[in-house]
Structures are given as structure tokens and as C-alpha cells.
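Participant: Next input, structure requested:
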Amino acid sequence: MAHVCESTLHAETSILSCIDRARMTFSKATSREDRSTIGQFLTPASIARFMASLFERNVAAVRILDPGAGSGSLFAALTEQLISKPDRPESIEVVAYETDVSIVPHLGNTMELCRQLCAEAGVAYQGTVRCEDFISVAVAQLNNHLFATSPDDFTHVILNPPYKKINGETQTRKILSSAGIEASNLYAAFVWLAVCLTRPGGEIVAITPRSFCNGPYFRRFRKALLSLVDLRHIHAFESRKEAFADDSVLQENVIFHAARNEHQTATVKISVSRGLDFSDMQVREVSFQNVVVPTDPDAFIHLLEKDDARQVMERMSQFSATLDELGIEVSTGRVVDFRAREFLREDPQPGTVPLIYPCHFEDGFVHWPLKGGRKPNAIASSNGTADLFVPAGYYVLTKRFTAKEERRRIVGVVYDPTRIDSPQVGFENHLNYFHCRGHGLPPDLARGLAVFLNSSLLDQYFRLFSGHTQVNATDLRKMRYPSREQMSQLGREMTSTLPDQQSIDAAVEKVHNENGQTYNRHG
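Facilitator: Model prediction:
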């Protein structure tokens, strides 16, 4: 076991200060690549302390689960929090899972610090470090008890799970499937299993990427989570890099607090902070029905972080048309360039078809070809590429990925066939394209759709449920749009270039107000 920190344990922050120094020492001694390989990013003391503060219930016999414990800062913060209360528990038992043998000595050291702290407070303490795969152990335990209440369940679960995709046909995926769990990322699997191991009325606090809040890949996880817990508090960080700045983690993170098997409360606390000391934190109570819309089959979680968020949702609710109702479809570009490398051409030539990338976006339209660019402008037309093209027509394109610093998450342009002389066109896989059964849209409808997609209102709405910079076709299908008539009206605002932002927003606001008046007359 590593040498126990010599600093006194009487000071409130001493144990976490000691652990935080160990965390930083370990992080400096290991490369980011190594930590990323296993999805391990250790929790700073300030975040651990905040997470521990979210637990509400007082229990005489506490059982804490910390899967993927790292250096142990989370269960240490929670232990410190529990024994500092006037009605402290009689006993605390901690079960911590960690498979990285290089950090296990630090974890053992943390266990000893917690034991000393509890001894001084007159609280019985038992700590166990399990150097085993949490997923395998948890699934075996759940299967053995047929999902009934386990004698080994926990009153408090606190976790910063590993962040790593679960590839298909891996042993991990097979183990999860045996318990009826489908997860695309380790963090979702860890949370799902940890919730299942929480006793009724027990509490869970986790810090994870925000990506589970929306999108098709986390649909089953969201549905399962919301069916098992009462969601009480979600905290978001304004800065993308703030939570794990030491490790250069770029995911946007959230912390959430929930209770197992209790009826969902009418409201959820939504808080946001910029700094890690949480001194600038703003908290608001939001109706749960605004966080998870009851009629939403995908159970998207909307983080209404600011006061105007509800207003944005209410304004967007005036637009009710689905893409199906508009006769519009959206698909991902068919050309995956690295798979079609032999057919790519730097410049157009006889026997080729225009190939459109995000770099061809300019002033609301596709400008092609782009001379001297890094991307090819054309793709050879052959039997091997015939199914990659669509016939010439008016299409609306959006980027699937936008840079964090871009003003809008959704960037839309019109592919105008009168500007590019070709009977066919290929859209690269980093694009989404709107079409009508594989063909182009009416010109005014296409231009109007582009105007709406570039509006501030839609951008604000999209940010409410999407914490990442990826725009999936599924996200676009979930949106509600103005009617065809209103969209065509917007299209008449767009001529040879996209209007400026003020003009776009004014045009959308005009359509919105007209729609609201119609709604009020018939409501």
C-alpha cells in the first residue's frame, strides 16, 4: 500500500487535497493516450466535493459503490461529506472497482485515509478495492438475482465512469447483452448497471459526457434510466474543457443526481457553472415535462440552462410540421471518401460527377469547384460509384460536424443545379442532405428551408438538447418546421446569397408571429 499522506486529517479539505495531489502526479506520469485507451480521466477534488454535496438522504448504515474509482476522490469526498453531518451514519462501507493496477496503490491509500477519518468521527468503516471488471461482476450479480433486490445493493452510488466506445461483437457487448443492456459507450453501461445495483430509495450521482441526452445511440439508455430513477438535478459546465482541463477532455460534461425507484418529481434542478469552484453557479427549477417532453418517443433530455430556454421551446412549439408531413427526407451523404479513394479526382473532367464537401459551402449556397483546396472536387462515374449519386436538383445541405467556435451548430446551404452543370451530384459523408424521395426540392422550399436552418431560433433550440457539435440526420428528423407555404415564403427572402443574420431572424420571427396568431384563433 502506498504511504499514507502525512497531512493532518482534521481539516475538512485535507483528504481531498492529498488525493488531488496524487491525481495530478499520476496524470503527469501517464500519457493522455494511455488514459484515453482505457477511457480513464480522474476527477478533480472540486468536482468530487460538489458531487458529494448532492446526496440528500441520511442513512444509518451506508453502502457506497464507486465503479471505476481511479484514485478514490469520489468516495473519499462522499465519506467526508457524510461524517461532517450532525446526524452522521453509524457505519460506512465502500466498494471500489478499478482495473488499472498502476493506480491501485493510490486507491488503497485513499481507503486508509477514509478509515482514519471515520475512526476519528466514531463511524465504523470498511473499504474494499476490487481489481475486477465492474461490468462482468455486476452483470453476473444481476443475473444471479434475476434482477430482484440484491443483498449487496447500495445506498449511495457515485461515479465517474470510463469514456470509451463499445465496439460490436466484443466480449463486453456480449456480457451486457446477456443482461438485456445495450449501450454504445462504457459510461452508459457503467451508469445503467450501477443504477440496477442501487437499492430502492438509494441515490446516484454521476459525471458523464452530455452526449446521452439526445441522439439515437443512447435512446435505450435514456429510456432505461428514466424508467428506473427520479431525476432530481442536472449540472452543466459552460466551458467545454473545464471539467477535466488537466486531461484535455473535449466532451461536454454533465453531473446528474437521481434516486432509485421513486416517482418522478414535478421539477428538476438545472444548474450551470463556468469555473471548477462552482462559485458562479446558477440554479433554476424547471418542470420535468420541459426537460423530457412526455410525447417524445426518444426521451430527449433538454438542458434548459438559461432563463430564456423555456421561451425558446415555446416559440419553437409554434412550428409543428414534421419532415414527413412536408414530404421531405434527410439522409447522410453517400460518398465515404476513403472507401472510394480510387475514384476521387482533384478537378472535374469528362466522366466525373461533382463531389460536394463542407468546404464548398459559401454564403448559403454550394460554390463548386474549389480550386487549390485540400479536398477533391469530383468523383469518377462508373459502375462502382453509380449508387453514390443523386440526380441534379435543389437540395439543402448541412454539415454533420461543426467547429466549436462556429457561430451556429447547424450550417445549411442550397445546392442550386442552375449554378453547376451536371446531371448528377455526389454528397460526401460529412454532409446531411434534404431531398424528396431521392430527388431535389422545389426551389422556394429549398431556399426557405435553408433560411430556417440558419436562424438563431433553431440554433438556440438545437443547443438545448445537443451538447456536442455533431448534427445527425436523426436530430434533423426530430425537429419541427414551418409549413410548406411558410417555408416557401421564407425562400422568397433568399436570392443569390443568404441574407444576413438579422434579416433571417426577422423573416423567421414574422412567420412565427403569423403562425401564433393562427394558432390563437383556432386554439
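
Participant: Next, the contact list for the spatially closest residue to Lys85 that is not a sequence neighbour, please.
Facilitator: Counting by CB to CB, 6 or more residues apart in numbering, Asn58 is the residue found nearest to Lys85 once chain neighbours are left out, at 7.0 Å. No exception for glycine: its C-beta is placed from N, CA and C like everyone else's. For Asn58, the contacting residues are Lys85, Asp87, Pro89, by CB atoms under 8 Å, 6 or more residues apart in numbering.

Participant: Can you tell me the number of residues neighbouring the last one?
Facilitator: Taking other CB atoms under 10 Å as the neighbour definition, Pro89 ends up with a count of 21.

Participant: Any idea which helix or strand in this protein has the lowest mean pLDDT?
Facilitator: Within the chain, no helix or strand scores below helix 32-37, which has a mean of 46 by mean pLDDT, DSSP states H and E.

Participant: Just after it, pick out the following helix or strand.
Facilitator: Using DSSP states H and E, the next helix or strand after helix 32-37 towards the C-terminus is helix 45-53.

Participant: buried ones in that next one?
Facilitator: Within helix 45-53, the residues that count as buried by 16 or more other CB atoms under 10 Å are Ala45, Ser46, Ile47, Ala48, Arg49, Phe50, Met51, Ala52.

Participant: Who are the packing partners of that helix?
Facilitator: Using 3 or more CB pairs under 8 Å, 6 or more residues apart in numbering; DSSP states H and E, the elements in contact with helix 45-53 are helix 14-29, helix 73-83, strand 198-209, strand 253-260.

Participant: Look through this protein and report the residue furthest from the middle.
Facilitator: For the chain, the largest distance from the centre (CA atoms, centre = their mean) belongs to Pro350, which lies 44.6 Å off.

Participant: Phi, psi for that residue please.
Facilitator: Torsion angles at Pro350 (phi, psi; degrees, to the nearest 10) stand at phi -50, psi 140.

Participant: what about it, distance to Asn214?
Facilitator: Distance, Pro350 to Asn214, using CB to CB, to the nearest Å: 45 Å.

Participant: follow-up on the earlier one: please, which helix or strand holds the residue nearest to Lys85?
Facilitator: Per DSSP H and E: Asn58 is located in neither a helix nor a strand.

Participant: gap between stretch 112-129 and the chain center?
Facilitator: When distances are taken as CA atoms, centre = their mean, to the nearest Å, stretch 112-129 is centred 36 Å away from the chain's centroid.

Participant: Send me that stretch as PDB with only the CA atoms.
Facilitator: Listed next in PDB are the C-alpha coordinates belonging to stretch 112-129 (Å, rounded to 0.1, in the frame of the first residue of the first chain):
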ATOM      1  CA  GLU A 112      -6.800   4.100   4.600                       C
ATOM      2  CA  LEU A 113      -7.300   7.900   4.800                       C
ATOM      3  CA  CYS A 114     -11.100   7.300   4.900                       C
ATOM      4  CA  ARG A 115     -10.700   4.700   7.600                       C
ATOM      5  CA  GLN A 116      -8.700   7.100   9.700                       C
ATOM      6  CA  LEU A 117     -11.200   9.900   9.100                       C
ATOM      7  CA  CYS A 118     -14.100   7.700  10.100                       C
ATOM      8  CA  ALA A 119     -12.300   6.400  13.200                       C
ATOM      9  CA  GLU A 120     -11.800  10.000  14.400                       C
ATOM     10  CA  ALA A 121     -15.500  10.600  13.900                       C
ATOM     11  CA  GLY A 122     -16.600   7.400  15.700                       C
ATOM     12  CA  VAL A 123     -18.000   5.800  12.500                       C
ATOM     13  CA  ALA A 124     -17.300   2.200  11.600                       C
ATOM     14  CA  TYR A 125     -15.600   1.900   8.300                       C
ATOM     15  CA  GLN A 126     -15.000  -1.000   5.800                       C
ATOM     16  CA  GLY A 127     -13.400  -0.500   2.500                       C
ATOM     17  CA  THR A 128     -12.800  -3.000  -0.300                       C
ATOM     18  CA  VAL A 129     -10.900  -2.500  -3.500                       C
END
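
Participant: mean confidence for it?
Facilitator: For stretch 112-129, the mean pLDDT works out to 96.

Participant: for stretch 221-233, same thing?
Facilitator: Mean predicted confidence for stretch 221-233 is 96.

Participant: cool, and stretch 501-516?
Facilitator: pLDDT averaged over stretch 501-516 gives 88.

Participant: how's this structure carved up into domains?
Facilitator: 40-307, 323-522 (automatic domain parsing).

Participant: can you list those in CSV and add distance to Met316?
Facilitator: CSV is the format used below for the domains of the chain (distance: least, CB to CB, whole Å):
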stretch, distance to Met316
domain 40-307, 11
domain 323-522, 5
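
Participant: pretty sure Val330 belongs to a strand, no?
Facilitator: Yes: under DSSP: H, G, I helix; E, B strand; the rest coil, Val330 falls within a strand.

Participant: residues touching it, list them.
Facilitator: By CB under 8 Å, 6+ apart, Val330 lies in contact with Leu323, Asn432, Tyr433, Phe434, His435, Ala473, Leu476, Arg477.

Participant: ok, 10 Å please
Facilitator: Neighbouring residues of Val330 by CB atoms under 10 Å, 6 or more residues apart in numbering: 323, 396, 398, 432-435, 472-477, 479.

Participant: can you list these in TSV and add neighbour count and distance to Ala179?
Facilitator: Putting the contacts of Val330 into TSV (neighbours: other CB atoms under 10 Å; distance: CB to CB, whole Å) gives the following:
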residue	neighbour count	distance to Ala179
Leu323	17	36
Val396	26	43
Thr398	25	38
Asn432	24	35
Tyr433	21	39
Phe434	27	40
His435	21	41
Asn472	18	27
Ala473	18	30
Thr474	16	26
Asp475	22	29
Leu476	22	33
Arg477	15	30
Met479	18	34
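
Participant: pLDDT weak spots in this protein?
Facilitator: Counting by pLDDT under 70, the chain contains low-confidence residues at 1-41, 145-152, 239-251, 306-307, 404-405, 466-468, 515-523.

Participant: mind listing the strands for the stretch 401-523 of the chain?
Facilitator: Ranges of strands in the stretch 401-523 of the chain, per DSSP state E, counting those that start in this stretch, are 412-415, 424-427, 431-435.

Participant: which helices and strands sit right next to the first one?
Facilitator: Using 3 or more CB pairs under 10 Å, 6 or more residues apart in numbering; DSSP states H and E as the contact criterion, the secondary-structure elements in contact with strand 412-415 are strand 352-356, strand 361-362, strand 365-366, strand 395-399, strand 431-435, helix 443-453.

Participant: now do 7 Å
Facilitator: In terms of contacts (3 or more CB pairs under 7 Å, 6 or more residues apart in numbering; DSSP states H and E), strand 412-415 is packed against strand 365-366, strand 395-399, helix 443-453.

Participant: same deal with the last one?
Facilitator: For strand 431-435, the helices and strands in contact under the criterion 3+ CB pairs under 7 Å, 6+ apart are strand 329-332, strand 395-399.

Participant: Thought Ala183 was touching Leu176, still the case?
Facilitator: Yes: with contact defined as CB atoms under 7 Å, Leu176 counts as touching Ala183 (6.2 Å).

Participant: which neighbours do these two share?
Facilitator: Common contact partners of Leu176 and Ala183 (CB atoms under 7 Å, 6 or more residues apart in numbering): Ala189.

Participant: on that earlier part again, tell me the one of the contacts of Asn58 nearest Val157?
Facilitator: Set against Val157, the nearest of the contacts of Asn58 by CB to CB is Pro89 (15.6 Å).

Participant: is it true that that closest one lies in a helix?
Facilitator: No: according to three-state DSSP, the state of Pro89 is coil, so it is not within a helix.
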